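Engineer: Below are the sequence and a predicted model for it; my questions follow.
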Amino acid sequence: MILDVPMDAIEYDYLLTDSGLAREREQLIKEVTSVGLTEAWAYTDRGMMAGLKKHLDDEYGGLDAYLDSIGFHQGRRALVRETLLV
């Protein structure tokens, strides 16, 4: 989102988390259930990124407006983009 890449790419990358955590899944399940969460918290949620974007759009008018509201202004966002898009 902050890098202006398509949402499909963000969602795809986010969902790769499940396969990346496969070896640690058992331990992760123990950790989340030990604090009262359900096993589902040990997996990615297909709708998470779309839900996050919708929330930012509905509540703040988008990511940039949200970031402005917390003091993370355009100059800082540009620095993040410069750093990550090398």
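Structural biologist: On my side now, so go ahead. Residues are numbered from 1 along each chain as shown.
Engineer: Would you mind confirming that A42 makes contact with L28?
Structural biologist: Yes. Counting by C-beta atoms under 8 Å, A42 sits close enough to L28 to count as a contact (4.4 Å). All C-beta atoms are positioned from the backbone trio N, CA, C, and that covers glycine.
Engineer: Overlap in contacts, these two.
Structural biologist: Common contacts of A42 and L28, defined by C-beta atoms under 8 Å, 6 or more residues apart in numbering, comprise L21.
Engineer: More neighbours: these two, which one.
Structural biologist: Neighbours per residue, other C-beta atoms under 10 Å: of A42 and L28, the larger number sits with A42, 19 against 16.
Engineer: got a list of what that one touches?
Structural biologist: 21, 25, 28-29, 31-32.
Engineer: What ranges in the protein fall below the confidence cut-off?
Structural biologist: Applying pLDDT under 70 to the chain picks out no residues at all.
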